[in-house]
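K.L.:
I'll drop the sequence and a predicted model, then ask my questions.
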There are 2 protein chains.
Amino acid sequence: MTFANVGTLGTKAGQRDALVEILLRPKPELRDVGCLLYEVGINEDVPDTVFVCELWESAEAHQDSLKLEGVQAAISEAAPLLSGDNGGHRFTVLGSPLRTDGTRQSRHSL
Amino acid sequence: MTFANVGTLGTKAGQRDALVEILLRPKPELRDVGCLLYEVGINEDVPDTVFVCELWESAEAHQDSLKLEGVQAAISEAAPLLSGDNGGHRFTVLGSPLRTDGTRQSRHSL
């Protein structure tokens, strides 16, 4: 079942763009472990906050990604930038109104 | 700029699956107005809640979708199911570590 992780990462004052830079570095190895989508963004009305929206082939794929060397390095580099004020949700994807072949899915066509 | 709308829709007790059914009905016309991704899901640890994760070509595309006849009908049908306890975030997508052609994007390859 496709697993979604959407959330916010609060940063220390003025560190938002530095965190964005870390998160946007190409990591094709994420796709190799089952990442289907990983979007990073900002909202100018919400200071010191980075938004992420991730889709994974499974919750296990997401967990596995955290063990990747490049991801571990990025987490270490990002840690000093974070305020600790994080939020978000995890959920199981049931389907999409964009897919006309029924509500369930086995994979995304990303 | 790609626009993201991620959030939660709280339902009255026991109405979660009825709301999911409405949201998952195929609506290919969403793609026509600029919807790039629209995932609907649940989390068994969070009762009476439906999760959505949407990507649009622009914030205007999202607004325009709300005027579609089918969307208006779905909103009317869903309204009695909702508790009013909604949450979420809107943000501008800056890029993805899955895309190796730089951090900015003009479109998704969904």
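P.N.:
Sure thing, it's come through.
K.L.:
use CA for all of it now, contacts and neighbours both
P.N.:
OK.
K.L.:
Where does pLDDT dip in chain A?
P.N.:
A:101-110 (pLDDT under 70).
K.L.:
Residues of chain A that sit close to chain B?
P.N.:
Neighbours of chain B within chain A, by Cα under 8 Å from any Cα of the partner chain: A:6, A:23-28, A:30-31, A:37-43, A:51, A:53, A:90-100, A:102-103, A:109-110.
K.L.:
let's go with 7 Å and repeat that
P.N.:
Residues of chain A that fall close to chain B, judged by Cα under 7 Å from any Cα of the partner chain: A:23-28, A:31, A:38-43, A:51, A:91-100, A:103, A:109-110.
K.L.:
in chain A, which strand has the most residues?
P.N.:
strand A:82-95 (DSSP state E).
K.L.:
now that one, how far from the centre of its chain.
P.N.:
9 Å (Cα atoms, centre = their mean, to the nearest Å).
K.L.:
and what of stretch A:43-61?
P.N.:
Taking mean C-alpha positions (Cα atoms, centre = their mean), stretch A:43-61 and its chain are 4 Å apart.
K.L.:
before we move on, what about stretch A:37-56?
P.N.:
8 Å.
K.L.:
now the strands for chain A?
P.N.:
A:3-11, A:35-42, A:49-56, A:82-95.
K.L.:
Tell me which of the ones you listed sits nearest to residue B:15.
P.N.:
Distance to residue B:15, taken as Cα to Cα, is lowest for strand A:82-95 among the strands of chain A, at 15.8 Å.
K.L.:
Direction included, what does that closest one pair against?
P.N.:
Strand A:82-95 pairs in its sheet with strand A:3-11 (antiparallel), strand B:35-42 (antiparallel), by DSSP bridges.
K.L.:
Show me the one of these that comes nearest residue A:76.
P.N.:
Closest to residue A:76 of the strands paired with strand A:82-95, according to Cα to Cα: strand A:3-11, at 14.2 Å.
K.L.:
Could the C-alpha coordinates of the closest one be exported in PDB?
P.N.:
Extracted C-alpha coordinates of strand A:3-11, given in PDB (Å, rounded to 0.1, in the frame of the first residue of the first chain):
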ATOM      1  CA  PHE A   3       2.400   5.300   2.200                       C
ATOM      2  CA  ALA A   4       2.200   9.100   2.400                       C
ATOM      3  CA  ASN A   5       4.300  11.300   4.700                       C
ATOM      4  CA  VAL A   6       3.300  15.000   4.600                       C
ATOM      5  CA  GLY A   7       4.600  17.500   7.100                       C
ATOM      6  CA  THR A   8       6.400  20.600   8.200                       C
ATOM      7  CA  LEU A   9       9.900  21.000   9.400                       C
ATOM      8  CA  GLY A  10      10.400  24.100  11.600                       C
ATOM      9  CA  THR A  11      13.800  25.700  11.300                       C
END
